[in-house]
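[1] this one's sequence-less:
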């Protein structure tokens, strides 16, 4: 059918998708202009999860914001903490102990795996398959258990701090992580049979929601969304931070930038993350896990920034200091904002079911956009 | 007709009505429980475990809860139609049960055109779903209703075509006759494609995943069920399980030899046991499929019916007709 | 296009550019431009194939300073362009050049009360319609600092400091 048949407003329907809707993952509100099952236009309404983290930062000492970092992106909070820690360490010229660098990478990658597994389950749920999410949660549970053991929390991990991490791990935890790596590697064949080779899954995702590298660049989409379009944009390799330069891993790339590629890239990234964790455990150095950091932090006046690769893409923290103990300004760049902002252009003329699939494939954590 | 014969007839009708109605609710309870247990097995969890031994009382308790809840009728809804729709959707899936031959003795009436009766009545089920979606005055429900009508019209046709092929083969529209003609060889062996087409179209007919587009909870929240609560919702659920059962019974009658099967130690019940085993075996397949596949897209669903199922069903019918002629 | 070339383009566009070490500031090019030359700078950045990272502002004693950050996807190149906004927070929008900046600028409208002249869709993004005048990231007059106190002005002697 042609969209021109829908020119007349009499045949159009205004549909509110969300903020309470099973497929908007959090509190996204889309106002759709529909013609039958076709989506003519999308209006995105944000702000339901707005907590004004940036203002909070301006009212508290520099270190106090570590409590906020995992709450910005609740599905993958450790890279946010990592990013803020890097920013403070650059500002104060702190050398981080080797063991802390390794532990940061181990915990961040475990968090990334947990986040990707959560996404796979939720994405399949969007496509109407209920079973995979329970397999994903089964596996994610193991990663979350280890993270709970390491960081003391299951979701908002208070682990990163200026100069290192808050806690060490013992030999038992190392064994647990190794067991998780073995278990996870044996589980890929299950996912392959249940999801990757599922005819209907492939039918629903191949060629759907194709993001070209140009579109992604114009909107600042990053992370697996951009890598699925074949652009090797991974801050861990492009601008290695926190010791990532010492690890060997591939950056999985897609070819066509459709929903299927985004799924494949994320599954491949779980494998790469496992490889990184394994390498980190193999050469886990001894020593302290936290450098001596003054109780009162007051970076000299100036601007500071750091970027890391979160599970959803490019995370940047940018801070302006006036030389006092509280930040003058802290800007948090979340990956989801760039990834979501291309949706209205991407989904014009799509079927409702494809819109849901595309929305799901972007891996959105809406409170990360609202902050 | 003398008095005693009439008494027996009245008794028979009353008994049948009571039995069929009781069976429908029992089937929904058992299938609801089995589905939740099976889904648990497929998903590496236990399913209901709390109420009774292994959660066996879960469904009665849920039923009581749903009955006790208020059925909220939205202000903007067409109240009368909204309340009637669950009943309208339940009766067409319940009626075919009077024509199904569960065993040589266990059949309410053997109509000469039983097959046509069953298919015709079943097609009415869509009206209930459509009325539910339309009367709720909710956009998601409306989209679900539109999908349901289009889907059911598309998938009635292949079902009818493969059923016709079987009727040709058996030389009768009577369901008991069709079963009798399979004493030697089940029709699934002669009509394997017909059986597959029937199974796929049957899944779609009772709006089960991967063809649950009228519900499509990730797209339409719950489609035509969005505004239903309490007894209205439970009637739709009962209708869904009954519809599944009817579809599976018809598949058993048409393709799996009905009540035929090797003799069991209890000869009096052997045929009925075989029939129910086959029907529930098919229901198990339906549950299995539901918990394995994602949902297809609306246009893929339509394409599948009109481009593949209907042409193949037509070819199947044509070949059967030729074979029967020769 | 390498970093030196991009720096040259930005200088041609009228910006004051400092080339920094990546380590230390997480940045490579720090450009400071006037509002008039901001669009020319953004065009140079777009030609270099960079994607928008974020846009934000800082409230200082001498008004708002807009900050636009860009990065390259497949190489290590990060660019920050800053520009003081006009009085009352008047500014030119870069959203027509980078559609990805549209939401960031809408956010800045919400939180700072900036006024973009040519923004395609200047509605509130995060705050509800009734909080139009709230602007939570504006500072009280007492706590405002000058750009000099914040180290936001060009300091060629310290700009390229080594770690």
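    Received the coordinates, thanks. As the structure is a prediction and not an experimental result, all values here were calculated from the model.
[2] pull up the gap between the residue lying closest to residue B:160 once chain neighbours are set aside and chain C, please.
    What sits nearest to residue B:160 in space, not counting adjacent residues and going by CB to CB, 6 or more residues apart in numbering or on different chains, is residue B:119, at 6.0 Å. Where you see a C-beta, it was placed from the backbone N, CA and C, and this is true even at glycine. Here residue B:119 is placed at a distance of 54 Å from chain C (CB to the nearest CB, to the nearest Å).
[3] element containing residue B:119?
    helix B:114-123 (DSSP states H and E).
[4] right, and the helix or strand after that helix?
    Taking DSSP H and E as the definition, the helix or strand right after helix B:114-123 is helix B:125-135.
[5] please name the residues that touch residue A:228.
    If a contact means CB atoms under 8 Å, 6 or more residues apart in numbering or on different chains, then residue A:228 has A:211, A:253-254, A:257-258, A:261-262, A:264-265 as its contacts.
[6] report the separation between it and chain B.
    Taking CB to the nearest CB as the measure, residue A:228 falls 19 Å from chain B.
[7] can you get me a residue count around the nearest residue in space to that residue that is not next to it in sequence?
    Once its chain neighbours are removed from consideration, residue A:228 has its nearest residue in residue A:254; the separation is 3.5 Å (CB to CB, 6+ apart). Counted with other CB atoms under 10 Å in any protein chain shown, the burial measure for residue A:254 works out to 23 neighbours.
[8] and residue A:254, what's its pLDDT?
    As predicted, residue A:254 sits at a pLDDT of 88.
[9] and it, what element?
    Under the criterion of DSSP H and E, residue A:254 resides outside all helices and strands.
[10] that one and chain C: what is the separation?
    Relative to chain C, residue A:254 is positioned 14 Å away (criterion: CB to the nearest CB).
[11] likewise for residue B:182?
    For residue B:182, the distance to chain C (CB to the nearest CB) stands at 66 Å.
[12] ok so that residue is a helix residue?
    No: when the secondary structure is assigned by DSSP: H, G, I helix; E, B strand; the rest coil, residue B:182 falls in coil instead of a helix.
[13] is it true that the residue nearest to residue A:228 touches residue A:264?
    Yes: distance between residue A:254 and residue A:264: 6.2 Å, which falls inside the contact criterion (CB atoms under 8 Å).
[14] so which helix or strand takes in residue A:150?
    helix A:131-151.
[15] mind listing the helices for the stretch 251-371 of chain A?
    Listed in chain order, the helices found in the stretch 251-371 of chain A under DSSP state H, counting those that start in this stretch are A:259-282, A:335-341, A:343-346, A:352-361, A:366-370.
[16] nope, the stretch 201-326 of chain B is what I was after
    So, for the stretch 201-326 of chain B - with DSSP H, counting those that start in this stretch - the helices run B:217-220, B:230-254, B:270-290, B:298-303, B:310-325.
[17] which residues in the stretch 1-150 of chain B form strands?
    Counting by DSSP state E, counting those that start in this stretch, one finds no strands in the stretch 1-150 of chain B.
[18] show me the shaky parts of it.
    B:1-7 (pLDDT under 70).
[19] ok, back up a step: can you tell me which two in the contacts of residue A:228 are farthest apart?
    When the contacts of residue A:228 are compared pair by pair using CB to CB, the two farthest from each other are A:211 and A:264, 14.2 Å apart.
[20] which of these two has more neighbours?
    Comparing residue A:211 with residue A:264 by other CB under 10 Å, the one with more neighbours is residue A:211, at 28 against 19.
[21] what number of residues lie near residue A:364?
    Should you count by other CB under 10 Å, residue A:364 turns out to have 25 residues around it.
[22] that one and residue A:340 touch, don't they?
    Yes: contact criterion CB under 8 Å: residue A:364 and residue A:340 qualify, at 5.7 Å.
[23] overlap in contacts of those two?
    With contacts defined as CB under 8 Å, 6+ apart, the residues adjacent to both residue A:364 and residue A:340 are residue A:28.
[24] may I have the phi/psi pair for residue B:291?
    Per-residue torsions, residue B:291: phi -90, psi 10 (degrees, to the nearest 10).
[25] got the confidence number for it?
    The predicted local distance difference test score for residue B:291 is 87.
[26] contacting residues for the nearest residue to it once chain neighbours are set aside?
    Taking CB to CB, 6+ apart, and ignoring the residues beside it in sequence, residue B:291 has residue B:42 as its nearest neighbour in space, at 4.5 Å. Residues counted as contacts of residue B:42 (CB under 8 Å, 6+ apart) are A:131, B:288, B:291-292.
[27] cutoff 10 Å now
    With contacts defined as CB atoms under 10 Å, 6 or more residues apart in numbering or on different chains, residue B:42 is in contact with A:130-131, A:134-135, A:194, B:287-288, B:290-292.
[28] same check, this time on residue A:167
    By CB under 10 Å, 6+ apart, residue A:167 lies in contact with A:103, A:107, A:149-152, A:158-159, A:161, A:173, A:289-290.
[29] how does it look with 8 Å?
    Going by CB under 8 Å, 6+ apart, residue A:167 touches A:150-152, A:159, A:289.
[30] tell me which residue in the stretch 201-326 of chain B sits closest to chain C.
    Here the stretch 201-326 of chain B gets closest to chain C at one residue, residue B:221, 24.2 Å apart by CB to the nearest CB.
[31] make sure that residue is actually in contact with residue A:24.
    No: with contact defined as CB under 8 Å, residue B:221 and residue A:24 do not form a contacting pair (10.7 Å).
[32] buried ones in stretch B:119-129, by neighbour count?
    For stretch B:119-129, the buried set under the neighbour-count rule, 16 or more other CB atoms under 10 Å in any protein chain shown, comprises B:119, B:121-123, B:125-129.
[33] which outside residues touch it?
    Stretch B:119-129 has contacts (CB under 8 Å, 6+ apart) with B:85-93, B:95-96, B:144-145, B:148-149, B:152-153, B:156, B:159-160, B:163, B:205, B:207, B:214, B:224, B:239, B:243, B:246-247.
[34] distance between stretch B:295-306 and the chain's centre?
    In terms of CA atoms, centre = their mean, to the nearest Å, the centre of stretch B:295-306 is found 20 Å from the chain centre.
[35] how about it: buried residues?
    Burial within stretch B:295-306, assessed by neighbour count using 16+ other CB under 10 Å, is assigned to B:295-298, B:300-302, B:304-305.
[36] hmm, that stretch touching chain A?
    Yes: figure legend: stretch B:295-306 in contact with chain A (CB under 8 Å from any CB of the partner chain); contacting residues B:295-300.
[37] show me which pair in the residues you listed is furthest apart.
    Farthest apart among the residues of stretch B:295-306 next to chain A by CB to CB are B:295 and B:299. That separation is 12.7 Å.
[38] out of the helices and strands in chain C, which is least certain?
    Within chain C, judged by mean pLDDT, DSSP states H and E, the helix or strand with the poorest mean is helix C:156-159; its value is a mean of 43.
[39] which of the contacts of stretch B:119-129 count as buried?
    Judged by 16+ other CB under 10 Å, buried ones among those: B:85-86, B:88-90, B:92-93, B:95-96, B:144-145, B:148-149, B:152, B:156, B:159-160, B:163, B:205, B:207, B:214, B:224, B:239, B:243, B:246-247.
[40] am I right that residue C:138 sits in a strand?
    No: when three-state DSSP is applied, residue C:138 is found to be coil, with no strand at that position.
[41] now do the contacts for it.
    Here residue C:138 is in contact with C:59, C:112-113 (CB under 8 Å, 6+ apart).
[42] ignoring the adjacent residues along the chain, who's closest to residue C:95?
    Closest residue to residue C:95 in three dimensions, ignoring its sequence neighbours and counting by CB to CB, 6+ apart: residue C:102, at 4.0 Å.
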